[in-house]
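In: Prediction below, plus the sequence it came from.
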Amino acid sequence: MPNARLLALSAVAALSLQAAPLHAAQNLKNPTKGDPALKSIGPISFGADGVLLIAEPGVPAIVAVSTGDTGATKALAQPLADTAGAIAGALGTTADKIQIVDMAANASGNIYFSVRDNAAKSVAIVVISPDGKASKLDLAKLEHVRVALPKSETSAVRNLSDVAMTHDRVLVTGQSNEEFSSKIFSIPLPLDASASGSIYSAETYHVAHGKWETKAPIQSFIPHNDNGTPCVLGAFACTPLAKFPLKDLSSGANVRGTSVVELGSGNRPLDVFAYTNAKGSWVVTNTQRFREPYFGPSKYWGVRISMDLINRNAPDQVNEKALRRNIKEPTQTPGIEILDTLSGAVQIDRLDDARMVVLREEGDKLKLEVAALP
C-alpha cells in the first residue's frame, strides 16, 4: 500500500544509481548500523519499504532509518484513549513530561511518533502497534543514513517544518535567518552520508494578506503531480496552498510559487495528505485556529479540497485571483468541505484511500483512532 507522501511523480525521469551497496529498495547508500544518537527531533514521515525519515533540526540533517516495517496493513483495532500516557509509559515517564512533535502512519498500520522527553532532555521514536501497545523504537539495532542539509556561510537554519520522499529525492521544508527565509531543501536518492543536496528560497502570494511573502515557511507539504508537472504542494500559515514545480528548483534559486486556494487568515496548517476514491481526488489538511471565532467546538479543524481546485493554473484562478474559502458561510465554498471528523485533530496522516489516522484532543487527553475518509 503506497504511503500518502510517496505520490507518483511519473513525469520525472528515474535517477540513475551508481554501483554501490544499497539498502531499503535502493534508497540508502552505505548505511550505518547503530544508534544515530539524535540530539534533536522534528517532523517525521515514511518513504518506500519502511524507510522512516526523521528531521534533526538542531544539526540540521535528515536521518533515514530502515525500520524493516513492511508488513501488510493492519489498522489500529480500537481507539487509544490516552495516547500521551501510553507514549510516556514506553519512555518510563509521565505524560506531563513529554512533547509529541509529529506522527507518521506507516503502510503496515503501525503508527510512529517523534517525541521529546523534557525531563530526561532526550528524544525518541515511539511506535504504537495495531493492538494499541506503545514501545520505544530501538534505533541501535537498525541501519541508518544521516545527511546534513546544505547551508550557506551567511545563513543558519532556524527550524525544519516537514519532510517527504518522492521516487528520486527527499524534500525538506524549513526556515532560515535570511530575508528570503522560507526554504526548500532537495536531497537526491539514494541518500548518502557523504553527499548533500540543494537549497532554494521560496516566495509565496498570501491571498488573505494581499502580498508576496518570503518569510513564512511551508508548514506542511506533499509531493504532487500537477497536470503532469511534478511539484511541491505546500500549506502555509494564514492559509494559502501553493505549488512549486520541481523543475524550477535550481540550487540557490529564489522560487516563486503558485497559490491556488486560500483557507483564511488566523489559521496554521498542521498536516496535509492526498487521497483518491470513487468520488474524486482530494487534499486534506488539518489546521489550528489561533484567533477567535472558532469554526466549531475546537480550535483544531480541518477540510478536504477538491484536486480540481489544486490543479488550477489559469492566471484568473491563481495568486491574486485564487479561490478564497467563504469564512462567513463556511459550508458554502464549492470544492472545499469542512470535515467534522477533524474537529479537535492535532495530528493526521493517511493510512490508505479509505482511512486516516487521527490524533485528537478529547477532554484533557489525546485520543488516537482510525477514521473513515469521506
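Out: Sure, I can see it.

In: If residue 111 is in a bridge, with which residues?
Out: residue 105, residue 128 (DSSP bridges).

In: start the count at 284, not 1, going forward
Out: In the new count, where the first residue is 284, that last one comes out as residue 394.

In: Can you report how many residues neighbour it?
Out: 27 (other CB atoms under 10 Å). Every C-beta, even on glycine, is put in place using the N, C-alpha and C of the backbone.

In: Show the pLDDT at it.
Out: On pLDDT, residue 394 comes in at 98.

In: so who does it touch?
Out: Going by CB atoms under 8 Å, 6 or more residues apart in numbering, residue 394 touches 359, 386-388, 410-411, 632, 640, 651.

In: what do you get if the cut-off is 7 Å, keeping everything else the same?
Out: Residues in contact with residue 394 (CB atoms under 7 Å, 6 or more residues apart in numbering) are 359, 386, 388, 411, 640, 651.

In: likewise residue 434?
Out: Taking CB under 7 Å, 6+ apart as the test, what residue 434 contacts is 440, 482.

In: who wins for most neighbours among the contacts of residue 394?
Out: Top of these by neighbour number is residue 388, holding 29 neighbours under the definition other CB under 10 Å.

In: That residue reaches residue 635, doesn't it?
Out: No - assessed by CB atoms under 7 Å, residue 388 is found out of contact with residue 635, at 9.3 Å.

In: How many residues are close by residue 354?
Out: Residues near residue 354, counting by other CB under 10 Å: 12.

In: Quick check: phi and psi on the closest residue to it other than its chain neighbours?
Out: Spatial nearest neighbour of residue 354, excluding adjacent residues (CB to CB, 6 or more residues apart in numbering): residue 391 at 4.6 Å. With angles defined as degrees, to the nearest 10, residue 391 sits at phi -70, psi -20.

In: repeat for residue 514
Out: phi -150, psi 170.

In: OK, contacts around it?
Out: 507, 526-529.

In: Show me which of the residues you listed are buried.
Out: Buried residues within the contacts of residue 514, counting neighbours by 16 or more other CB atoms under 10 Å: 507, 526-527, 529.

In: Dump the contacts of residue 394 to CSV, plus pLDDT and distance to residue 491.
Out: Listed next are these as CSV, based on pLDDT from 0 to 100; distance: CB to CB, whole Å:
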residue, pLDDT, distance to residue 491
359, 98, 36
386, 98, 28
388, 98, 31
411, 98, 37
640, 98, 30
651, 98, 32
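
In: closest to residue 455 among these?
Out: Nearest to residue 455, judged by CB to CB, of the contacts of residue 394 is residue 386 at 17.7 Å.

In: how about the helix or strand containing that closest one: buried residues?
Out: Using DSSP states H and E, residue 386 maps to strand 381-388. Residues 381, 383-388 are the ones in strand 381-388 that count as buried (16+ other CB under 10 Å).

In: pLDDT weak spots in the stretch 484-633 of the chain?
Out: For the stretch 484-633 of the chain, the stretches with pLDDT under 70 are 533-536, 613-614.

In: where do the strands sit along it?
Out: Ranges of strands within the stretch 484-633 of the chain are 494-496, 503-509, 512-518, 523-528, 537-539, 541-545, 550-560, 563-572, 583-589, 606-607, 619-621, 628-633, based on DSSP state E, counting those that start in this stretch.

In: Which among those is found nearest to residue 368?
Out: Among the strands of the stretch 484-633 of the chain, strand 628-633 comes nearest to residue 368, with 15.3 Å by CB to CB.

In: Given that closest one, what are its sheet partners and their directions?
Out: Sheet pairing of strand 628-633 (DSSP bridges) gives strand 638-645 (antiparallel).

In: and the next element down the chain from the partner strand?
Out: strand 648-655.

In: quick one: that following strand to strand 628-633, angle?
Out: Here the directions of strand 648-655 and strand 628-633 differ by 30 degrees (axes from the mean of the first three to the mean of the last three CA atoms, to 10 degrees).

In: What residues sit buried inside strand 648-655?
Out: 649-654.

In: Show me which of those is closest to residue 377.
Out: Once CB to CB is applied, the member of the buried residues of strand 648-655 that ends up nearest residue 377 is residue 649, at 13.8 Å.

In: Okay then, goodbye and thanks.
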